[in-house]
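Participant: Curious how this folds, go ahead:
(one chain, ligands or ions: 1)
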Amino acid sequence: MDSVVGVTIDPFTDRRYIAWLSLVTLAFNYNTWFITARLCFPYHSPGAVPLWLSLDLLADLVYLTDSLVFQPRKQFVKAGDIIKDRVMSKKNYRESERFKLDMVALLPFDLLYLQFGFKSIFRANRLLKADAFFEFSDRLESIMAKAYIWRVIRTIGYLLFMLHLNACLYYVASDYQGIGLTKWVYSGDGSAYLRCYYFAVRSLINIGGLNEPHTVFEISFQMTNFFTGVFVFSSLIGQMRDVIGAATAGQAYFRSNMDNTVAYMVTNRIPSVVQNRVRTWYTYTWDAQGMLDESELLDKMPLVMRTAIAVDINLATFQKIDLFKGCDQQMLVDMLLRLKSIVYLPGDFVVKKGDIGKEMYIIKSGAVQVVGGPDNSIIFVTLKAGCVFGEISLLQSSKDGGNRRTANVKAHGFANLFVLEKKDLFDILVHYPESQKVLARKGRKLMKAKGPAAAKVEEERKKGLALFGPKPPTPKLLRAFGGNINRTLIDKMKV
Ligand SMILES: Nc1nc2c(ncn2[C@@H]2O[C@@H]3COP(=O)(O)O[C@H]3[C@H]2O)c(=O)[nH]1
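Facilitator: Model prediction:
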C-alpha cells in the first residue's frame, strides 16, 4: 500500500482537491482585490496594519501549502498514460512553467517593508498565482451539472473586478488632481471606495450623468473610461450572453423545431385537433427527455462510452424481460445501442392489427393497452414499464402472413417507448446464433399459443368478449403470453 507521503492526487475527479483549489482561489482573490485597493486607497492606517499583516500571512500560508503539498502530488498524463508515481509527479511539477510562477509568487518581497515602509505593491508578485484560479474554474465546470451557472458567476466577477480597478484608478486620479479640488474628482465625502465604485459604474457602463471633466487630464481620463466601457465592458457582457445562449441552446432548438412544425401545419391547413396533438407531443417529449432526439447527443461519442451509458441506463430493465432470458449478454448490449426512444400520446395507436410488423417495443415509462372489439373499447391487457410488445409479428416469417400484427396496441396516458427495428434486431442476431435459436423458440411458442388456444381468444375478442371468456385462463395460456396478462383486468371483464 502507498504510504501517505507517496499518495498522489487525481486532479480530474478528486473533489477534495477541488475544495482545496477553492481555498487557493480565495487567497488569490484576496490578493488581487486588496493589493490593488490598498495600493490606491489610504487603507494602511496604523490601526489596520496588524489586520492586513495577519490576512497576508494567512494567504501566504495557503500559497505555500499548495506549492509544497498539493501541486507536487498531482497525477498527470504523459503520452496518454496517467502517471500516478509520487516521484514523477514531483518532477513533473518542478519542471513545469507553473512551478516557476508559483515560486516567484511566493518570493517574500514583503521584507522590503522594513526599508521602504508598509506598501502593498511589494506583494504584487502574489498575482502570479492566477493559474490556480483558472484550474479551479475548469475543474469546477467539469463536475457541475449546470456549468453555465458558474460561467455566469465568473463573468460577473470579471465585470465587478473591472469596475474595482476603475474605482482604484479614479481615486488615484482624484488624488493626483487634489481630492475635492474640482467638481469632477472625488469630493472626499463619505466612503471613498463606495463613491469611486459608483463613479466607475456610471462611467464604464456609459450611464453618464457625471460631473463634466475640465482639465486635459480629466477629459483624457473620462474619454479612456468611455472607450474602455464600450469595448471591454461590452465584450464581457457579450460573453455573458454567449454563456447563457449556449446553456439554453437545447431549449432554443426545441422551440424553433416546434415553431417550424406548427408553421408547416398552418400552411397546409392541418386540422386543429391534429395540430394540438403535435404541440402536446413536443411539449411532453421535451419535459420527459429534455431533448427531442437522445441519439443525436450520443452519436459523437466513442462506442465504448455510448455502451457504458446505455448499459448503465437500461441493461437492468432488459435483463428482466422474459423474452430475452437466456440470450447472450453482449447481444443485449448491442441491442441497447440500437434503441430509439419515442413518445406516444394518450390514445395513440402504436400498433394496428394486420399491419406488417417492422419493429418491436419496450416500455420505458407509462403503459400501453392491447385493445379490441368493434370500437377498440375492450381492453385485453395493460402492459407497463419493462414489458415488451410487437415481438410476435417480428419473430415470424412472412410465410402465411405470420409477419402481421396480431392485435391493436394503444398508448394509455403518455407512453415513452424504446423502439427496436426488425432490421437492427436481425443484423445483431447474425452474430449470435445461440440467441437467435432462443428467440426463434420463444417466437414459435408464442405462435403456438396463437394456435387453437389463441384462435379461441381472438374469436372471443371479435365477439367483444373478455380475453379468456368466462373461464379463468389456463396456466398454459398464461405461460404462452409470457405473464403479460393483467389479472385484475381479466377478472373485471369476466361476464
Ligand atoms: N395477440 C396478442 N398480442 C398480445 C397480447 N398481449 C400482448 N400482445 C402484444 O401485442 C402485439 C401486437 O403486435 P404483434 O402481433 O407484433 O405482437 C403482439 C404482442 O406483443 C395478447 O394477449 N394477444
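
Participant: Right, and the ligand sits closest to which residue of the stretch 151-300 of the chain?
Facilitator: Nearest residue of the stretch 151-300 of the chain to the ligand: residue 281, at 22.1 Å (CB to the nearest ligand atom). From N, CA and C alone the C-beta is placed, and that goes for glycine too.

Participant: Would you list the phi and psi of that residue?
Facilitator: Residue 281 adopts backbone torsions of phi -60, psi -50, taken as degrees, to the nearest 10.

Participant: could you show me where the strands are in the protein, in order?
Facilitator: For the chain, the strands defined by DSSP state E occupy 76-78, 81-83, 340-344, 349-351, 359-372, 378-384, 388-389, 408-421.

Participant: how about these, which one is nearest the ligand?
Facilitator: strand 388-389 (3.6 Å).

Participant: could you give the mean pLDDT of that closest one?
Facilitator: Strand 388-389 shows a mean pLDDT of 91.

Participant: just stretch 125-139 next, same as before
Facilitator: Taken as a whole, stretch 125-139 carries a mean pLDDT of 96.

Participant: Let me know the pLDDT of the closest residue in space to residue 70 that isn't next to it in sequence.
Facilitator: Excluding its sequence neighbours, the residue lying closest to residue 70 (CB to CB, 6 or more residues apart in numbering) is residue 20, at 5.9 Å. Residue 20 is assigned a pLDDT of 97 by the prediction.

Participant: Residue 489 now?
Facilitator: With respect to pLDDT, residue 489 scores 39.

Participant: try residue 301
Facilitator: pLDDT, residue 301: 83.

Participant: How about the contacts made by it?
Facilitator: Going by CB atoms under 8 Å, 6 or more residues apart in numbering, residue 301 touches residue 309.

Participant: isn't residue 357 right up against residue 422?
Facilitator: Yes: using CB atoms under 8 Å, residue 357 is in contact with residue 422, at 7.0 Å.

Participant: The two: which has the busier surroundings?
Facilitator: Comparing residue 357 with residue 422 by other CB atoms under 10 Å, the one with more neighbours is residue 357, at 20 against 17.

Participant: what about the more buried one, distance to residue 363?
Facilitator: In this view, residue 357 and residue 363 are 17 Å apart by CB to CB, to the nearest Å.

Participant: got it, and residue 21?
Facilitator: Between residue 21 and residue 363 the computed distance is 45 Å (CB to CB).

Participant: Quick check: residues of the stretch 351-495 of the chain near the ligand?
Facilitator: Within the stretch 351-495 of the chain, the residues that sit near the ligand (CB under 6 Å from any ligand atom) are 351, 357, 370, 380-381, 389-394, 405-407, 409, 481, 484.

Participant: Over to the chain?
Facilitator: Within the chain, the positions near the ligand by CB under 6 Å from any ligand atom are 351, 357, 370, 380-381, 389-394, 405-407, 409, 481, 484.

Participant: Now do the contacts for residue 177.
Facilitator: Residue 177 makes contact with 184, 185, 215, 217, 218, according to CB under 8 Å, 6+ apart.

Participant: which residues touch residue 294?
Facilitator: residue 341.

Participant: per-residue pLDDT, it?
Facilitator: For residue 294, pLDDT reads 71.

Participant: now swap in the one 4 residues further on and tell me
Facilitator: Residue 298 is assigned a pLDDT of 74 by the prediction.

Participant: ok, now which ones touch it?
Facilitator: Residue 298 makes contacts with 306, 309, as judged by CB under 8 Å, 6+ apart.

Participant: again with residue 338
Facilitator: 420, 421, 424, 425, 428.

Participant: Mind doing that once more with 7 Å?
Facilitator: With contact taken as CB atoms under 7 Å, 6 or more residues apart in numbering, residue 338 is in contact with 420, 424.

Participant: quick one: it and the ligand, what's the gap?
Facilitator: Using CB to the nearest ligand atom, to the nearest Å, we find residue 338 at a distance of 18 Å from the ligand.

Participant: Mind checking which of the contacts of residue 177 are buried?
Facilitator: 184, 185, 218 (16 or more other CB atoms under 10 Å).

Participant: what's the burial count for the nearest residue to the second one once chain neighbours are set aside?
Facilitator: Counting by CB to CB, 6+ apart, residue 185 lies nearest to residue 174, which is 3.8 Å off, once chain neighbours are set aside. Residues lying near residue 174 (other CB under 10 Å) number 24.

Participant: is it true that residue 174 touches residue 186?
Facilitator: Yes: the criterion here is CB atoms under 7 Å, and residue 174 meets it with residue 186 at 3.9 Å.

Participant: what's near enough to touch the spatially most distant residue from the centre of the chain?
Facilitator: Largest separation from the mean C-alpha position in the chain: residue 181, at 55.6 Å (CA atoms, centre = their mean). By CB under 7 Å, 6+ apart, residue 181 lies in contact with nothing.

Participant: Then the one 4 residues further on?
Facilitator: Contacts here follow CB under 7 Å, 6+ apart; on that basis residue 185 touches 174, 177, 179.

Participant: Please repeat the previous calculation with a cut-off of 10 Å.
Facilitator: Taking CB atoms under 10 Å, 6 or more residues apart in numbering, we find residue 185 in contact with 170-171, 173-179, 199, 211, 213, 215, 217-218, 221.

Participant: what's the answer for residue 243, then?
Facilitator: Counting by CB under 10 Å, 6+ apart, residue 243 touches 147, 148, 149, 150, 151, 152, 154, 155.

Participant: Now with 6 Å, please.
Facilitator: Residue 243 makes contact with 148, 151, 152, according to CB atoms under 6 Å, 6 or more residues apart in numbering.

Participant: Could you report the distance from the nearest residue to it once chain neighbours are set aside to residue 19?
Facilitator: Leaving out its chain neighbours, the residue that sits closest to residue 243 by CB to CB, 6+ apart is residue 151, at 4.4 Å. Between residue 151 and residue 19 the computed distance is 20 Å (CB to CB).

Participant: out of those two, which sits in the busier spot?
Facilitator: Just comparing residue 151 and residue 19: by other CB under 10 Å the higher neighbour count belongs to residue 151, 21 against 10.

Participant: sorry, back to before: ok, how many other residues are close to the residue of the stretch 151-300 of the chain closest to the ligand?
Facilitator: Neighbours of residue 281 using other CB under 10 Å come to 18.

Participant: and if you look at the one 10 residues further on?
Facilitator: Using other CB under 10 Å, residue 291 has 16 neighbouring residues.
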